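[1] Have a look at this prediction, sequence included:
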Amino acid sequence: MTFVMGPALLFCPADRPERYQKAAERADAVILDLEDAVAPADKQRARGAILAQLGAAGDGPELDPSRTIVRLNPAGTEEFEKDLHCLAHTPYRTVMLAKAESAGQLEALKDFHVIALCETAAGILNAPAIAAAPNVVALMWGAEDLLASLGGTSSRKSDGGYRAVAMHARSAVLVAARAFGKEAVDAVYVNIPDLDGLAVEAADAVASGFGSKACIHPTQANVVRGAYAPSEVDVTAAQELLRAAAAAGSGVFQFNGKMIDGPILKHAEATLRRAGTHA
């Protein structure tokens, strides 16, 4: 099974099965959350809800396994073991490991594609080793859990921008993921009504190299998709630049008054790849 990692990944509480299909329809992939979105007393019911919607006796249409992620509780916990037991009875083979902190934790998930969520100080420091694990397909970072692990109180300043330590973690996870050829997922934007702020942050994620951004509300998915979909102007400019490069041959050349070399051409190629994804 090939997992489809589109730009907008939408969290859905696993104990709210009536929301599963709606979430899947609004985003490129749905994340059934067994961790933070579910109260401790409701986790077993959440696992039951995942199982109940499968098969002919299910309560509704099944989710597409190629577009479904299950967020697990942290490795080494009793809830993690129960999550694995639940997954053994499902077709879902892409998981998100909450609070991933070492490559060793991934051994228990050798039969799964793993999105490692680095959201503690240890997870950020060990991001390269985690990214190198063969069953890891992507890294994501989390801001609020990280600041909590540091003893802080907020990942953002009063103007809405990230604090320096959060920006460092964001960059560290992105670089680690890309260094090992893995996908990188940007953290959620928790101010749900502020769609303009989300659009700015999603556009920065695109420009920085994140392949996806996680969402916590259905209204956020289209904003993220819009940020990842190049405009017609962007596509035309990229096509013209690559045609000029082909005509110029190899080496550095000038185009519209700017010096063009290999990295700039790769930017144009990335724009066309995103345009193809959204075609």
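    Received, thanks.
[2] What residues sit buried inside the helix or strand hosting A246?
    Using DSSP states H and E, A246 sits within helix 232-248. Under the neighbour-count criterion of 16 or more other C-beta atoms under 10 Å, helix 232-248 has V235, A237, A238, L241, A244, A245 buried. C-betas here are computed from N, CA, C, even on glycine.
[3] which one of the residues you listed sits closest to R16?
    V235 (38.3 Å; C-beta to C-beta).
[4] Quick one: residues contacting the closest one.
    Under the criterion of C-beta atoms under 8 Å, 6 or more residues apart in numbering, the neighbours of V235 are T271, L272, A275.
[5] now it: how far from V200?
    Relative to V200, V235 is positioned 21 Å away (C-beta to C-beta, to the nearest Å).
[6] for the stretch 151-279 of the chain, what spans make up the helices?
    164-179, 195-208, 218-228, 232-248, 262-277 (DSSP state H, counting those that start in this stretch).
[7] can you list these in TSV and add distance to V70?
    As requested, the helices of the stretch 151-279 of the chain are exported to TSV (distance: least, C-beta to C-beta, whole Å):
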stretch	distance to V70
helix 164-179	20
helix 195-208	23
helix 218-228	19
helix 232-248	35
helix 262-277	24
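[8] looking at those, which is closest to A37?
    helix 218-228 (14.2 Å).
[9] one step back: got a quick PyMOL command for the buried subset of the contacts of V235?
    In PyMOL, this line selects whichever of the contacts of V235 come out buried by 16+ other C-beta under 10 Å:
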select buried, resi 271+275
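[10] Near A41, how many other residues are there?
    7 (other C-beta atoms under 10 Å).
[11] just the one 3 residues further on next, same as before
    Per other C-beta under 10 Å, the neighbour tally for Q44 reads 14.
[12] still on that earlier bit, who wins for proximity to A121 among the helices of the stretch 151-279 of the chain?
    helix 164-179 (8.7 Å).
[13] Contacts for the closest one next, please.
    118, 124, 127-128, 130-131, 138-141, 143, 146-147, 150, 152, 155-156, 162, 183-184, 186-187, 208-210.
[14] If we use 6 Å, what do you get?
    C118, I124, A127, P128, A131, L139, W141, A143, L146, S155, A184, G209 (C-beta atoms under 6 Å, 6 or more residues apart in numbering).
[15] what's the closest of those to Q220?
    A143 (15.4 Å).
[16] which one is that closest one nearest to, not counting chain neighbours?
    Closest residue in space to A143, ignoring its immediate chain neighbours: S155 at 3.7 Å, by C-beta to C-beta, 6 or more residues apart in numbering.
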